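Trainee: Structure of the sequence below:
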Amino acid sequence: MPTPPRPELGPSDGRLIFDTETLTDLGQGLRVGFYEVRHRDALREEGLLIEPDALASDEHELVVWYVQARGLRLRTRADFVANVFFRIAHARRGQVIGVNLPFDISRIAIGHLVTPARAKSMRGGFTFRLTNDPHRPTVQVKCVNSRAAFVRPTTPKASYVLILQRARRPSISACTSWLSAGGNA
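Mentor: Numbers count the residues shown, from 1 in each chain. Predicted coordinates for the structure are as follows:
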């Protein structure tokens, strides 16, 4: 008997809104960014993210003063990616909102490559690696024109292994590991 199709879960009520500011050189590396985490319309967290190596000591002191004066949270790029971006976008299936999201995602990335040809809908786009953790997804971006882009997460390689383990012999530990890695039941 065939397995009935799973209902589409859709996005959650969580939203991450962020914007980045960069250096003015050709590399346009991340300097500072602003983010808000919202659940429905309620603000849950707001703060600044920084790339500490891109700021001079007096600039860093100014950022710390600003954050403290306004009651904001200060996070490094790595901390933001691990504890805000992946928590909202991946674990909670939330929406990620930005004025120029492809550019902002590329600024928080630690590496990129041209999207492989096997991903037909994303052919000609880029795959951004946001962390060295192999259990975290990469993010694929394909610009359609100057105003539109496709953005999607990939499935981490480790999830494929757990899916195969689950298909061979279901066990609570495999299912729990798969779910904690971001899979959908």
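
Trainee: Just checking: what are the partner strands of the helix or strand hosting residue 49?
Mentor: Taking DSSP states H and E as the criterion, residue 49 maps to strand 42-50. With DSSP bridges as the test, strand 42-50 is paired with strand 30-39 (antiparallel), strand 73-76 (parallel).

Trainee: Deepest-packed of those strands, please.
Mentor: Comparing these by mean neighbour count (mean count of other CB atoms under 10 Å), strand 30-39 ranks first with a mean of 19. Where C-beta positions appear, they are placed from N, C-alpha and C, glycine not excepted.

Trainee: returning to that earlier point: buried ones in the strand holding residue 49?
Mentor: 47, 48, 49, 50 (16 or more other CB atoms under 10 Å).

Trainee: and the helix or strand just after that strand with strand 30-39, angle?
Mentor: Later in the chain than strand 42-50, the nearest helix or strand by DSSP H and E is helix 57-70. Helix 57-70 and strand 30-39 are oriented at 20 degrees to each other (axes from the mean of the first three to the mean of the last three CA atoms, to 10 degrees).

Trainee: that older thread, of the buried residues of strand 42-50, which is the nearest to residue 41?
Mentor: residue 47 (18.6 Å; CB to CB).

Trainee: Can you name the residues bridging to that closest one?
Mentor: residue 35, residue 73.

Trainee: how close does it get to residue 78?
Mentor: Relative to residue 78, residue 47 is positioned 14 Å away (CB to CB, to the nearest Å).

Trainee: Next: residue 20.
Mentor: Residue 20 sits 14 Å away from residue 78, going by CB to CB.

Trainee: ok, now which ones touch the residue most central in space within the chain?
Mentor: Centre of the chain computed as the mean C-alpha position; nearest residue by CA atoms, centre = their mean is residue 85, 4.2 Å away. By CB atoms under 8 Å, 6 or more residues apart in numbering, the contact list for residue 85 reads 16, 18, 96, 108, 130.

Trainee: what kind of secondary structure is the residue lying closest to the last one once chain neighbours are set aside in?
Mentor: It refers to residue 130. Leaving out its chain neighbours, the residue that sits closest to residue 130 by CB to CB, 6 or more residues apart in numbering is residue 81, at 4.8 Å. Here residue 81 is recorded as helix under DSSP: H, G, I helix; E, B strand; the rest coil.

Trainee: check contacts around residue 81.
Mentor: By CB under 8 Å, 6+ apart, residue 81 lies in contact with 108, 130, 131.

Trainee: what's the neighbour count on the second one?
Mentor: Neighbourhood size, residue 130 [other CB atoms under 10 Å]: 24.

Trainee: One more: the last one?
Mentor: The burial metric for residue 131, expressed as a neighbour count using other CB under 10 Å, is 18.

Trainee: ok, it touching residue 82?
Mentor: Yes. In this structure, residue 131 is within contact of residue 82 by CB atoms under 8 Å, at 6.4 Å.
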